[in-house]
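In: Let me see the structure of the following:
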Amino acid sequence: MPLKVELKAGERLLIGNCVITNSNQRTKLFIDGEAPILREKDILTEETANTPAKRIYFAIQLMYLDDDISKLREHYFTLTNDFLKAAPSTVAIIDKINNLILTQNLYKALRTAKQLIEYETELLNAATSSSGLSANSNTDSNTT
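Out: Numbers count the residues shown, from 1 in each chain. Have a look, this model is predicted:
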C-alpha cells in the first residue's frame with residue numbers, strides 16, 4: 001500500500017537522497033517503494049541539532065537516511081550514554097529507541113527520539129523555572 005503524503009505550497013520532502021520541492025499549491029503524492037522519506041519539518045541539520053537530545057535525533061536521522069546503522073553506532077551510543085548520565089529519568093525512552101534501532105525500525109526510532117526532545121525541553125524548562133531564571137529576566141538591577 002503506497003504512502004500518501006500531502007504537501008503544502010513550497011513544502012519540501014526528502015526521499016532517499018533527493019529533495020522534492022512542492023510548487024505554489026497543495027499537492028498529494030502517493031509513494032510506493034522502499035526509500036527513506038522525511039518531511040521538511042522532521043529534518044534536523046547539524047546546526048539545528050543544538051541540544052543533546054537533538055544530536056541523538058540527528059544521529060538516528062543519518063542512520064535512517066543512509067540505511068546504515070554501522071557508521072554511526074558508536075557515536076550514537078556515546079551520545080545516549082552521556083545523556084543517560086545527565087538525565088537518568090530518560091532511560092525508558094532511550095531503551096525504546098535502542099530497541100527500535102536494533103530491530104531496524106529507524107523511522108519509528110526517529111519518532112521516539114522526538115519524544116526525547118520534548119522530554120528534554122520539559123526538563124530544561126523545569127530546571128530554569130526552579131532556579132528562578134527566565135528568558136525575559138533583567139539581570140541589570142542598577143538602572144537609574
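
In: what's the spacing between Ser130 and Gly16?
Out: 45 Å (CB to CB, to the nearest Å). C-beta here means a position set from N, CA and C on the backbone, and glycine is covered the same way.

In: Who are the packing partners of whichever helix in the chain runs longest?
Out: Ranked by residue count under DSSP state H, the longest helix found in the chain is helix 106-130. If contacts are counted by 3 or more CB pairs under 8 Å, 6 or more residues apart in numbering; DSSP states H and E, helix 106-130 sits against helix 52-66, helix 91-102.

In: hey, which of those helices is tucked in deepest?
Out: Each of those was assessed for mean neighbour count using mean count of other CB atoms under 10 Å. The highest is helix 52-66, with a mean of 21.

In: Leaving out sequence neighbours, find the closest residue to the most centrally placed residue in the chain.
Out: The centroid of the chain falls nearest to Tyr57 when counting by CA atoms, centre = their mean (3.8 Å). Closest residue to Tyr57 in three dimensions, ignoring its sequence neighbours and counting by CB to CB, 6 or more residues apart in numbering: Ala113, at 4.1 Å.
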